[in-house]
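Asker: my questions concern the predicted model and sequence given below.
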Amino acid sequence: AGSATTRAMTPVPPNRIAALDIARSLALLAMASFHLTVDLEIFGHLPPGTTVGGFWWYYARAIAGSFIALAGASLWLAHGRGIRWRAFWRREATILAGAAAVSAATFVAMRPVFVHYGILHSIAVSSLAGLAFLRLPAGVTLAAAAGAVWLGHAGPLLPGHPALWWTGLADSHRPAMDFEPFFPWVAPFLAGLGLAKLAEGAGLWKRLRGRGGVWAWRLGWPGRHSLAVYLIHQPVLLALVG
């Protein structure tokens, strides 16, 4: 009875970090607000070009960066003490399946600007690259993140062949409604990974594990199901706006 009462008061499992779940929930809320604005623009409720510049341009990139950075932190938390290969490949396959679903759906609905390398593609490939940094010092990982930013903005370094679009270094690429190529978008992933290492060294994750009450657990629900929410939120918004 005592353990049941304790569980009701502190519903967060001992190894779960509710703060990260809530951070993912907030990122999802921000993404939904951006996509709602895009949908309102598509259906003529907002002036054309509203979301392609100014505040909305920066807002979209901040949202994407936050998702990718949280994925980097999650890689460290899941595998920082040793890579659990079965769990890693299961998660990787799930993300790749989601990426394929986004590509297929947008190819059918909006073929001229379908998503050929969006945020899920970027997270999947960055996760593979992140394995090489799990055993390296945080400083090296953060320096690599800075290098990725520089490389991604250094100018075209490769020809615009379709096989090279995903790198972000090609001199051209197919138009897409969502495009987060490897460079520079591996940078927030590595930054999240490096900062997670520093947080581990400072004992932050140990202090946060299992902490939080009922409301923290409830607010983190979308973050615990972030891929599913990501995949269904846009069709729902389109149905509501349309």
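Answerer: Cool, got the structure. Keep in mind that this is a model prediction, so the values were computed, not measured.
Asker: for the rest of this, base every contact and every neighbour count on C-alpha atoms.
Answerer: OK.
Asker: middle-most residue in the protein, spatially?
Answerer: Nearest to the geometric centre of the chain sits residue 67, at 2.8 Å (Cα atoms, centre = their mean).
Asker: who's in contact with that residue?
Answerer: 24, 27 (Cα atoms under 8 Å, 6 or more residues apart in numbering).
Asker: part of a strand, is residue 13?
Answerer: No: membership of residue 13 in a strand is not supported by DSSP: H, G, I helix; E, B strand; the rest coil, which gives coil.
Asker: what number of residues lie near it?
Answerer: Neighbourhood size, residue 13 [other Cα atoms under 10 Å]: 14.
Asker: next: the one 3 residues further on.
Answerer: For residue 16, the number of neighbouring residues by other Cα under 10 Å comes to 17.
Asker: now the helices for the protein?
Answerer: 2-9, 18-42, 54-79, 85-109, 119-130, 138-152, 182-201, 204-208, 214-219, 221-224, 226-241 (DSSP state H).
Asker: can you put the ones you listed in CSV and add distance to residue 168 and mean pLDDT?
Answerer: Rendered in CSV, the data for these read as follows (distance: least, Cα to Cα, whole Å; pLDDT from 0 to 100):
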stretch, distance to residue 168, mean pLDDT
helix 2-9, 47, 46
helix 18-42, 23, 96
helix 54-79, 15, 97
helix 85-109, 18, 97
helix 119-130, 11, 98
helix 138-152, 6, 97
helix 182-201, 5, 98
helix 204-208, 33, 96
helix 214-219, 35, 93
helix 221-224, 28, 96
helix 226-241, 24, 94
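Asker: deepest-packed of the ones you listed, please.
Answerer: Burial of the helices of the chain is given as mean neighbour count (mean count of other Cα atoms under 10 Å); helix 182-201 ranks first at a mean of 24.
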